[in-house]
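S.K.: Dropping the sequence and predicted coords here.
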Amino acid sequence: MLSLNSPELKLITKLLGKYDLRSTVTQLSALLTVPVLQANTIRIEILIHLAVSHCHGHRRPNLTKIGHWLNQHLGNTQLASLEDPAENIFITNIETPEGNRRVFEGIWESNDYFLQVVIETLNKHRVPQKCRDLLIPAFALLKLSDCVAERVGLQRWHIEPSVPNNTIRLAPTTRGLGITRATTFTDKELDALGISREVLAPFIFQDKDKQALVGESIGHSSLERHPLIEFKDELILSLPHAVSPAIRRFVLSELEQMRHIQRFANALSTQQARQIEMDVFREFKRDAISFTPPTPDGNIPPLSSWLLKFDINKYLHIVLLHDRMDLLNTQGLSSFMEYPEELEAGLGEYLSKVSSECRSLPGFTTGITLLVMGGLGRGYAFRFKNLPNPDQWHLSIIQISDLLMLAGELDRPITHYLKCMKQKKWAERQGVYFHSINGDYNVYCFWRRMNYQLVPRDLPVDDGSMISIANDMALPVREKVKNLLDHHVIETIDGHYSPVIRFGCDAYFKSMQNRPVYVSLEHLHKGMLAGVVETPRGPSWLLIEPREGNEQMRHLLYEMWSGFIGLYDRLVFEIEALHPKTLTGAIEICLDFGEVVVFEDYREPQSGVLIDKPKVTVNLDKRTALVKFPSDFLIHFQQPENIGEKLVLHSIAKGLVSLYQGSTGTIDEAFLYDLTNRVIGTSGMRILHLFSTRYPIEHLLARQGQKTIFLAQEDFVFSKLRLSENCTSVKTGNSITSKSESNDFLHRVVDKIWNQLRKLLKQLDRTSVIREVLTVHEAAIQDRDHWNRTAKAVIALYESEEDVFTVAQERESDRKNVSLSARTILEMAICECPENGGHQLSRWELDELLAKAALLIEVATDSDAINSDLIEPQINLHLNGEYSIDRGFYNTVIKPFLSGYFHKEFEAAAENYSKLYQKKNTDKRTRADEVFSADFIRAFLTEFGLTPDEAVDGFAELMDLAVECNNVVVETTLGDLKARLIKTRGLSPEASEAFVRTFSIFHRPEWDKPPPGFRNRDINPWRFRRRLSSTARPIFVFGEENNDKVLYGAGIFRLGFGYLFERSERGHLPQEFFTTTKMKQYIGAVNNERGHAFARSVADQLRENGWEVRNEVQMTELGGSPEYGDIDVLAWKPSGEIQLIECKRLQLARTVAEVAEICRRFRGEARDELDRHVGRINWLRTNPSGLQHIVGFDPVPDLIDDRLVTNTHVPMMYLTTLPIEANKIGPLR
């Protein structure tokens, strides 16, 4: 707190005596409404306090004079040096029964939260009426605050950059300064607001307050308690940012006089405890077990305590410390919560007791005490002498406002915070010191801003390293969360205000986060789905009536509501544009699916039977419209066209237009049809997808399953700390610049990560790891299938506002990264994890395993890139143990190459949408000899020991077993599996054995040692087309005995079976993938034949486009040397155009090594495949007459063009250094 009688202030105090109080305070208070001056609040506050105390003259200051006071008189004082960067948003929001009220945060601690919790505590039904009446003046002051914000044009969550300790520049053009009376209220203006001076009396500054103010301090002053300065004809809100502390102090003071302050303290404690249980525990509700914490042995402060066991083997002790409201009232909001030594010692002993008891429990791995500071916003000061600090237990202190803010973030925020604290403690044990005045939450926000890089690259993870964290790290997080959630209240049709948050906070498409669509939390708690579109006209609600039903019904209703709320938003704006002078206030559309039947199977529409249209009933008095749907309405969604969506939207539009027009009469159907089409015109715009399937396994695989898990970036980045340590003799801070040294270093890093992985896996139960990691992989497969099935709808819904393909590709990249890591862990775990004696895999350990696997692959890929000359062999070693290389090639070639390929695949998925609704004939079994050649069937049998038909039977049996288990992850035994294949499918014992051998990875003692007959490249996960990959062998077998376990995932097995079958038949696997001569010969023959067939298909395509064409024209026929070979396709037109085309049927490159291999083959260097093509072109341009006898005219060299046509996207399309233009490479367009 800053004393107002500081000697530094004597001169300015004297000067202010010459100035008029009203004009001075009017202008100074306006400065507190200027966002760019937020960081200068201390100087402005001091000046306003001094002005109120000492101004009694007649001069009127201008902006120049005020700037002089702030910069010359206060800018060089010790007090001004206390200015810090802004830590909170400039404008926040308070939810009241009367609506939203904006408040100025200033530099108070969480001004909005601590006032909000006071209002919520007092506004309970059981609170005595005289205590609830304290809210009347509070709401009046809040209305003034909101009015000030409106005058200066600041909406909730507004923030602008502001700089502390600098020269304050005041100009009339600065936002807020041009409005000279922003903080003044005449009696007439108060009347218009429905506020009297009498109601505001508790906040009006009195003469007695003025006398006391001189000796007070900023942070606990009479002016902050009474921020309204009264004049004969007006009031001035002298400290706009003091509205919240003024109300809090008023409430405490009045309650103490009423002798209800302890009751209020108890109620506040209960309210804050409930907030923790509702908001913080929500993240742990599925897997946490709650225990009653041990009883304290001695005296402890008032607190609430919870003990949770979560993530299998971790413990979280949450302790909410309650403040004493009587002391807070006396000492002020800027004081510190401190305990007598006895109480603090008792608290420390209690925390130690809980941690000790948890650490003694079986299976314990780690724990944390989260000490939450409750109350109304004052700081805390603890010493905690002799508090035990074991490696496995952490302590973190956080304000309740920050904890609740944290809990509002997306994707396991509490887990992220706890991980940050664990990483911080690890770094501290290595000698790193974190200097953060604003505590652990500020450290967490720093960690997030650094993209989870706890120790920056320019600091070693060692003794002597100090990380000084600025005080404003929380600001970007607060800004993001506040804007993202946009917590506020919206009026309902009965005049009640309901709390809402933004709909689509977690949407993949960020445009949803910018639309004024919200979901009601109050309705949600009552089991009702309610969304609202908020426009200048007023709120338009969309509700779905709750109904009894199973999980399938609840999911269906949610899909309908969540899908149509986005279209409802567009419809509302369309209608309001047509009816600009319509009624104001809340309206409501309610969708009633109470009679709708959800059929278990695909239901054919009955011929000649029409499905009833939805019935719309409008109640103008209640401002509602009810849309009731017939029982068989869902049949409309069992077709590729969006008939169902149009009918729903048509009915909603009918209700809305009726309400807007204030009429229940007939509405022109043509008008409604046109309106509906403007919102949902294209047939691809779908909300509900009811596909038909005759295969039970397809239903199982498509069913809503586990939430997709992606790589934990925080674990991935953390794994890089000290990564280069002991891997090179080059000191950190320097670079490795030779190719051999670079590869040696990277190989050692790969070995280091592998050893870390092996150490982790040796501690984990094999079944647990394989089951959980298979679940991750299955979820990724299901997510990919879902995106592909809905590609057409996604494009139609969002293409006008977002780059749909970029969003979809980022999602696919996330899936691929976690899938590759998951397959890597599966292949390692079957070898390294013990079958007995290991502990169950927790989510944190899963995150760590996947992150380290991803890092291992990244490092190995870097080695491939250097080894293949794709990037320069320069590796920079950073002090924190990370390394970096120039990955420009990834951005210029690999990313655009993969992006182009994905774009094509996603478009193809959209084009195939209608096929999903086609009925499949499952009655007839197709035999292998009806599909495959005899050569392939013989080669397959020779290679794998069973026929293709037997392999298909085995596949079908495993799919049936998954359906029986009602789970995509299946656990059985080797004996049971073979018995099923023999008994149910009629396979011979030999074929059954061959099936298992073909598609399985068996346990072996060491992952990094391939079994006999295999090579290292078969186990390296950064390679594709490996013989020991879990893609080709997706069944995991624990041993050779009948009672040994077998695990597989239905999704990965379906992909793996198709991978081996289709790629073998098409020749897409290299010959070295196979072991028998017959299969190798088949691969060679089929590739040769299909290469020629591809060239012929290119020729046919050119003919269809008007070209004359010849295939395989020998250069000798054109007069060239035999060493030039032949031209795959020669095409020409009578107009003189000639195309010389080289055709290459290539496989899609999926890894850096494969990209490098293709680029190596087509660099245009001496004797490579592109060089031969370029040689032919150059010779013919020099000797064009050789073409005359074929094309029938004299060729012009400038009209001779060339192309390298491929069957798929290739990385050369993105190279700029080739002797052929990049746009002449790739599939024929």
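M.R.: Looks like it came in fine. Numbers count the residues shown, from 1 in each chain.
S.K.: Got the phi and psi for residue 1036?
M.R.: The phi and psi values for residue 1036, taken as degrees, to the nearest 10, are phi -110, psi 120.
S.K.: Settle this for me: it is touching residue 996, isn't it.
M.R.: No: using C-beta atoms under 8 Å, residue 1036 is not in contact with residue 996; the gap is 11.2 Å. C-beta: built from backbone N, CA, C; applies to glycine.
S.K.: which of these two has more neighbours?
M.R.: Legend: neighbour count by other C-beta atoms under 10 Å for residue 1036 and residue 996, higher for residue 1036 (26 against 18).
S.K.: ok, what's across the strand from that one?
M.R.: residue 1001, residue 1047 (DSSP bridges).
S.K.: and residue 1123, how many neighbours?
M.R.: 9.
S.K.: quick one: contacts of stretch 122-130?
M.R.: 97, 121, 131-132, 134-135, 251, 258, 260, 264, 267 (C-beta atoms under 8 Å, 6 or more residues apart in numbering).
S.K.: Could you dump these into JSON lines with neighbour count and secondary structure added?
M.R.: Below are those laid out as JSON lines (neighbours: other C-beta atoms under 10 Å; DSSP: H, G, I helix; E, B strand; the rest coil):
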{"residue": "97", "neighbour count": "11", "secondary structure": "coil"}
{"residue": "121", "neighbour count": "21", "secondary structure": "helix"}
{"residue": "131", "neighbour count": "19", "secondary structure": "helix"}
{"residue": "132", "neighbour count": "14", "secondary structure": "helix"}
{"residue": "134", "neighbour count": "24", "secondary structure": "coil"}
{"residue": "135", "neighbour count": "20", "secondary structure": "helix"}
{"residue": "251", "neighbour count": "26", "secondary structure": "helix"}
{"residue": "258", "neighbour count": "14", "secondary structure": "helix"}
{"residue": "260", "neighbour count": "17", "secondary structure": "coil"}
{"residue": "264", "neighbour count": "22", "secondary structure": "helix"}
{"residue": "267", "neighbour count": "18", "secondary structure": "helix"}
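S.K.: Tell me which two in those residues are the farthest apart.
M.R.: Greatest spatial distance among these (C-beta to C-beta): 97 and 258, at 21.6 Å.
S.K.: Secondary structure class of residue 100, three-state.
M.R.: strand (DSSP: H, G, I helix; E, B strand; the rest coil).
S.K.: So it sits against residue 491, correct?
M.R.: No: the pair residue 100 / residue 491 is not scored as a contact, 10.0 Å apart, by C-beta under 8 Å.
S.K.: follow-up on the earlier one: from the contacts of stretch 122-130, which is closest to residue 661?
M.R.: residue 97 (31.5 Å).
S.K.: ok, now which ones touch that closest one?
M.R.: The contact partners of residue 97, by C-beta under 8 Å, 6+ apart, come to 123, 497.
S.K.: where does it land on pLDDT?
M.R.: We note a pLDDT of 97 for residue 97 in this prediction.
S.K.: From residue 478, how far out is it?
M.R.: 26 Å (C-beta to C-beta, to the nearest Å).
S.K.: Tell me where the model's unsure across the chain.
M.R.: 1, 175-178, 385-389, 600-609, 683, 692-694, 704-705, 920-923 (pLDDT under 70).
S.K.: Show me the domain layout of it.
M.R.: For the chain, automatic domain parsing gives the domain ranges 2-238, 262-480, 486-680, 696-902, 928-1049, 1082-1226.
S.K.: Identify whichever of those lies nearest to residue 1060.
M.R.: domain 928-1049 (5.3 Å).
S.K.: ok, which stretches of the stretch 751-900 of the chain are helices?
M.R.: Along the stretch 751-900 of the chain, counting by DSSP state H, counting those that start in this stretch, helices occupy 766-789, 791-798, 804-832, 843-867, 888-889, 895-911.
S.K.: Mind listing what's buried along the helix or strand containing residue 418?
M.R.: Per DSSP states H and E: residue 418 is located in helix 413-429. Across helix 413-429, burial judged by 16 or more other C-beta atoms under 10 Å covers 413-427.
S.K.: What lies in contact with the helix or strand following that helix?
M.R.: Sequence-wise, the next helix or strand downstream of helix 413-429 (DSSP H and E) is strand 433-435. The contact list for strand 433-435 (C-beta under 8 Å, 6+ apart) reads 424, 427-428, 443, 465-469.
S.K.: Which strands or helices does the helix or strand just after strand 433-435 pack on?
M.R.: Downstream of strand 433-435, the next assigned helix or strand under DSSP H and E is helix 439-449. Here helix 439-449 touches strand 393-399, helix 400-407, helix 413-429, helix 474-485, going by 3 or more C-beta pairs under 8 Å, 6 or more residues apart in numbering; DSSP states H and E.
S.K.: how far does the longest one sit from the chain's center?
M.R.: Per C-alpha atoms, centre = their mean, to the nearest Å, the displacement of helix 413-429 from the mean C-alpha position of its chain is 20 Å.
S.K.: Done for today, thanks.
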